[in-house]
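Enquirer: The following block contains a protein sequence and its predicted model.
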Amino acid sequence: MRTRIFIIGLGLIGGSLALAIKKGYPEAIIVGYDIDPGARRLAKSLQIIDESVTSVSEAASEADTIILSTPVDSSIQILKELTNLPLKKGSVITDVGSTKQTIVEKGQQLLEKGVYFIGGHPMAGSHKTGVEASREHLFENAFYILTPTADVPSAKVIQLQNLLKVTQAKFIQLDPKTHDKFAGLISHFPHIIASGLVHQMTKLGEQDPLVSQLAAGGFRDITRIASASPTMWRDILLHNQETLLEMLGEWQDIMKEVESMLIDKDEEKIYAYFSDAKDARDQLPSKKKGALLPFYDLFVDVPDHPGVISDVTALLAEANISITNIRIIEAREDIMGVLRLSFRSEDDLTLAKEQLKVHMYETYDAP
Ligand SMILES: NC(=O)c1ccc[n+]([C@@H]2O[C@H](COP(=O)([O-])OP(=O)(O)OC[C@H]3O[C@@H](n4cnc5c(N)ncnc54)[C@H](O)[C@@H]3O)[C@@H](O)[C@H]2O)c1
Ligand SMILES: O=C(O)C(=O)C[C@]1(C(=O)O)C=C[C@@H](O)C=C1
């Protein structure tokens, strides 16, 4: 019998998982539901899913695996609905939410029905949303955290991991509390800061509109994530409240220290603030080891003259390399500009470097 996988929430993450699973298991039947009829239609017409349904109850009881890929709070509501529906005994339900404690607690209730909930979090994504942003390779080399409780038989965890291994992610297991603490520090809290910086700029921009136009590479890099889905991030904050409140306190302490260094004009301390951070940042695992960035970005120095972008893109097209994003970082008259190119995979990035080098373009890895 063909396995039936029911994906609820056909956005960036649900769509990307559907694409990877379809590629790895063409015989699997992927059924999709989204509250937004437009997302359902698009997922079906792009052949990201095989069948589309108009409610959770229409497909839940036949599913061997259910994947919840909606914002955290909606996933918890859907879990509640699932506990009141007939489900296949022995089936596995997982989610992809960015927080784990509250949903895993709710998922425990499914045990009474002989159904196993295993929390999941693929640690890769984007500030883009919607099924149209889905990518088959989104999770390649990224960490995929699973948070099974002790009540879930290890055979079920292996079964889920076998299904998801087609994402080419690297699986690790954490308990939900540790997950939320770690994700809070490396993902959720930075998001609060990124949005805070944008608020600060907007406030100043109200007095002097030129300021936002001047926002260049550094500001754009550090605030890219502020363009993500507000619904998703609202839910993340509400479901990781304790950790984030703690981090806000620690952050304020660090900023207080910076404030005193500045008031005292303490050269040594200011230098150490940056140089210690640089050392720690430079020691983070590289993209090759699949740690932080799901994007494969390359900077290319380009002379500032018309036609240079089409020259670069034509060279890459000639070598059959797809670009997933292109951005001009800086282009002022008479000086070199910089293009930031994004690729789907490490292989594409390496090929692009070689191709551009042959044609005398200077490239360097994006940090
Ligand atoms: N975007 C990322 O970088 C990222 C990375 C890892 C995990 N996550 C987690 O993945 C989940 C989905 O995020 P996304 O980036 O795919 O968001 P998205 O906005 O692209 O997709 C979410 C989809 O869920 C649908 N939806 C909302 N409520 C629903 C409901 N009640 N029933 C059915 N469908 C519903 C929306 O219509 C939308 O199509 C979130 O829980 C998020 O925390 C996101
Ligand atoms: O790259 C981005 O845009 C992301 O914000 C992705 C990111 C992250 O913080 O790394 C965001 C939330 C997820 O839960 C996992 C990944």
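Expert: Everything's here; your move. Ligands and ions are numbered 1, 2, ... in the order given.
Enquirer: then the helix or strand of the chain with the lowest mean pLDDT to CSV, C-alphas only?
Expert: Ranking every helix and strand in the chain by mean pLDDT, DSSP states H and E puts strand 323-330 at the bottom, with a mean of 77. This file holds the C-alpha atoms of strand 323-330, laid out as CSV (Å, rounded to 0.1, in the frame of the first residue of the first chain):
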residue,chain,number,x,y,z
ILE,A,323,20.7,31.9,-9.2
THR,A,324,18.0,32.0,-6.5
ASN,A,325,18.5,35.6,-5.6
ILE,A,326,20.6,38.6,-6.8
ARG,A,327,21.2,41.9,-5.1
ILE,A,328,23.3,44.9,-5.7
ILE,A,329,24.9,45.8,-2.5
GLU,A,330,26.7,49.0,-3.5
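Enquirer: partners of it, with directions?
Expert: strand 337-343 (antiparallel) (DSSP bridges).
Enquirer: Now the partner strand - C-alpha only, CSV.
Expert: C-alpha atoms of strand 337-343 as CSV (Å, rounded to 0.1, in the frame of the first residue of the first chain):
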residue,chain,number,x,y,z
GLY,A,337,29.9,47.6,-7.0
VAL,A,338,29.2,44.3,-5.3
LEU,A,339,26.7,41.7,-6.3
ARG,A,340,25.4,39.3,-3.8
LEU,A,341,24.3,36.1,-5.5
SER,A,342,22.4,33.3,-3.8
PHE,A,343,22.5,29.7,-5.0
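Enquirer: can you tell me if it touches ligand 2.
Expert: No: figure legend: strand 337-343 not in contact with ligand 2 (CB under 6 Å from any ligand atom); closest approach 11.3 Å. In short, each C-beta sits where N, CA and C put it, glycine included.
Enquirer: Tell me which stretches of the stretch 1-150 of the chain form helices.
Expert: Counting by DSSP state H, counting those that start in this stretch, the stretch 1-150 of the chain has these helices, from start to end: 12-24, 37-45, 57-60, 72-83, 101-107.
Enquirer: CSV for the ones you listed, including distance to ligand 1 and mean neighbour count?
Expert: Shown next, in CSV, are those (distance: least, CB to the nearest ligand atom, whole Å; neighbours: other CB atoms under 10 Å):
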stretch, distance to ligand 1, mean neighbour count
helix 12-24, 4, 24
helix 37-45, 4, 17
helix 57-60, 12, 18
helix 72-83, 4, 19
helix 101-107, 9, 21
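Enquirer: Just give me the neighbour total for the residue lying closest to D266 once chain neighbours are set aside.
Expert: Nearest in space to D266, with sequence neighbours left out and distances taken as CB to CB, 6 or more residues apart in numbering, is S260 at 7.7 Å. Residues lying near S260 (other CB atoms under 10 Å) number 10.
Enquirer: for the strand or helix carrying Y271, the distance to its chain's centre please.
Expert: According to DSSP states H and E, Y271 maps onto helix 267-282. A distance of 28 Å separates the centroid of the chain from that of helix 267-282, by CA atoms, centre = their mean, to the nearest Å.
Enquirer: Which elements pack onto that helix?
Expert: Packed against helix 267-282 by the contact rule (3 or more CB pairs under 8 Å, 6 or more residues apart in numbering; DSSP states H and E) you find helix 241-263.
Enquirer: Enumerate the positions of the helix it packs on that are buried.
Expert: When burial is assessed from 16 or more other CB atoms under 10 Å, helix 241-263 yields the following buried residues: 243-244, 247, 261.
Enquirer: now stretch 231-238
Expert: Going by neighbour count (16+ other CB under 10 Å), the buried part of stretch 231-238 is 232-233, 235-237.
Enquirer: Now do the phi/psi pair for D34.
Expert: Dihedral pair for D34: phi -140, psi 150, per degrees, to the nearest 10.
Enquirer: let me redo that: A319
Expert: phi -90, psi 10.
Enquirer: how many neighbours does it have?
Expert: Neighbour count for A319, taken as other CB under 10 Å: 13.
Enquirer: Now it. Nearest residue, chain neighbours left out?
Expert: With CB to CB, 6+ apart as the criterion, A319 has its nearest non-adjacent residue at 4.4 Å, and that residue is Q355.
Enquirer: Can you name the residues that contact the one you found?
Expert: Contacts for Q355 were tallied using CB atoms under 8 Å, 6 or more residues apart in numbering; they are 315-316, 318-319, 321.
Enquirer: The stretch 101-250 of the chain against ligand 2: which residues are in contact?
Expert: 123-127, 187, 225, 228.
Enquirer: a markdown table for these, including neighbour count and pLDDT?
Expert: Shown next, in a markdown table, are these (neighbours: other CB atoms under 10 Å; pLDDT from 0 to 100):
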| residue | neighbour count | pLDDT |
| --- | --- | --- |
| M123 | 22 | 95 |
| A124 | 23 | 93 |
| G125 | 22 | 91 |
| S126 | 21 | 88 |
| H127 | 15 | 89 |
| S187 | 18 | 97 |
| I225 | 17 | 93 |
| A228 | 19 | 94 |
